[in-house]
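Student: here's my sequence, what's the structure:
(one chain, ligands or ions: 1)
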Amino acid sequence: MRLQKFMALNGVASRRKSEELILSGKVSVNGVIIAELGHKIEGSTDKVVVNGEVIASSKNPKVYYMLNKPVGYISTAKDQFGRPTVVSLIDTETDIRLYPIGRLDYDTEGLLILTNDGTLTNRLTHPKYSVGKEYEAMVKGRISLEAINAVKTGIDIGGYITKPAKIEIISQFADYAIIKITIKEGKNRQVRKMCDKIGHPVRSLKRVAIGSLKLGNLKPGQYRKLTVDEIKKL
Ligand code: URA
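Tutor: As a prediction, this is how the structure comes out:
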């Protein structure tokens, strides 16, 4: 795997930012600075250090947590505006670098997996694996058949047509509804944009499952380690 992809999968930065870090001589592999693009690494045996911090090595134990992300936290490791991050909610009792797999919006609640395992990150986020992510949304209005069909077929959310998704109406009230939507991709603010487009803006949004893993009864802000069985299933 190329070094910049490995860095991105391990939550260092985007692939492009990782390339910049490499070119500026901030990255070493097994003690040797790699300042050119194209270097390939083994992943499980190489020791990768970025800005003096060990990103991955065969000696790093892998850790896996699930968190019920509260509204008002951001899903990146650092925030330029100083807002609280999801990583700050978890006490790993060690100096292990954790990062979230995928993102939830600042104003979205629900299931987030945090780990230092780039392989699991790839398994859950690469489009070719099509892992389903299930959301419960409170949306405005009475849900029409057209809206349901649009979600099931695909919606233009501004230059991108969403893949067929599942939708289920849990409860319908006079002027709002609780629905469940399952998508197998993860474009920025995808569920909100889809609901906007079908005329049912989201009032609140919560992720309740990622593949086989269910949020269960974790309260916002609570977290726990994943079991070996849960990790295997993911
Ligand atoms: N879709 C959204 O619109 N927001 C999220 O946080 C996740 C999926």
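
Student: could you export stretch 34-45 as CSV, CA atoms only?
Tutor: C-alpha atoms of stretch 34-45 as CSV (Å, rounded to 0.1, in the frame of the first residue of the first chain):
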residue,chain,number,x,y,z
ILE,A,34,10.7,9.2,3.1
ALA,A,35,10.4,12.5,1.3
GLU,A,36,9.2,11.2,-2.1
LEU,A,37,5.9,9.9,-3.2
GLY,A,38,5.5,6.3,-4.4
HIS,A,39,7.0,4.6,-1.3
LYS,A,40,5.1,1.4,-0.5
ILE,A,41,4.9,-0.1,3.0
GLU,A,42,3.9,-3.5,4.4
GLY,A,43,1.5,-2.0,7.0
SER,A,44,1.7,-4.7,9.6
THR,A,45,5.5,-4.7,10.0
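
Student: for the residue nearest the centre of the chain, which three-state class applies?
Tutor: Closest to where the C-alpha atoms of the chain average out (C-alpha atoms, centre = their mean) is G102, at 1.3 Å. The three-state label given to G102 by DSSP: H, G, I helix; E, B strand; the rest coil is coil.

Student: what's the separation between it and L114?
Tutor: Separation of G102 from L114 (C-beta to C-beta, to the nearest Å): 11 Å. Bear in mind the C-beta positions are built from the backbone N, C-alpha and C, glycine included.

Student: likewise A137?
Tutor: From A137 over to L114 (counting by C-beta to C-beta), the distance is 23 Å.

Student: also L9?
Tutor: When C-beta to C-beta is the yardstick, L9 and L114 sit 14 Å from each other.

Student: where are the low-confidence patches of the chain?
Tutor: Within the chain, the set of residues satisfying pLDDT under 70 comprises 43-44, 58-59.

Student: need the residues of it near the ligand, please.
Tutor: Residues of the chain lying close to the ligand by C-beta under 6 Å from any ligand atom are 104-105, 108, 189-192, 205.

Student: from those, which land in helices?
Tutor: Judged by DSSP state H, the residues of the chain next to the ligand include 190-192 as members of helices.

Student: out of these, who has the most neighbours?
Tutor: In terms of neighbours by other C-beta atoms under 10 Å, those top out with V191 at 26 neighbours.

Student: so that one touches Y135, yeah?
Tutor: Yes - between V191 and Y135 there is a contact at 5.2 Å, judged by C-beta atoms under 8 Å.

Student: intersection of neighbour lists for the two?
Tutor: Shared contacts of V191 and Y135 (C-beta atoms under 8 Å, 6 or more residues apart in numbering): 181, 183, 205.

Student: pick out whichever of those residues sits closest to the ligand.
Tutor: Set against the ligand, the nearest of the shared contacts of V191 and Y135 by C-beta to the nearest ligand atom is L205 (5.7 Å).

Student: in the sheet, which residues pair with that closest one? Tell me.
Tutor: A137 (DSSP bridges).

Student: same question, the one 5 residues further on
Tutor: On DSSP bridges, the residues paired with I210 through beta bridges are K133, L213.

Student: okay, the helix or strand in which R16 is found in PDB with CA atoms only?
Tutor: Using DSSP states H and E, R16 falls within helix 15-23. Extracted C-alpha coordinates of helix 15-23, given in PDB (Å, rounded to 0.1, in the frame of the first residue of the first chain):
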ATOM      1  CA  ARG A  15      -4.500  11.600   1.200                       C
ATOM      2  CA  ARG A  16      -3.400  15.000  -0.300                       C
ATOM      3  CA  LYS A  17      -2.400  16.400   3.000                       C
ATOM      4  CA  SER A  18      -0.400  13.200   3.700                       C
ATOM      5  CA  GLU A  19       1.400  13.700   0.400                       C
ATOM      6  CA  GLU A  20       2.400  17.200   1.500                       C
ATOM      7  CA  LEU A  21       3.600  15.800   4.900                       C
ATOM      8  CA  ILE A  22       5.800  13.300   3.000                       C
ATOM      9  CA  LEU A  23       7.200  15.800   0.600                       C
END
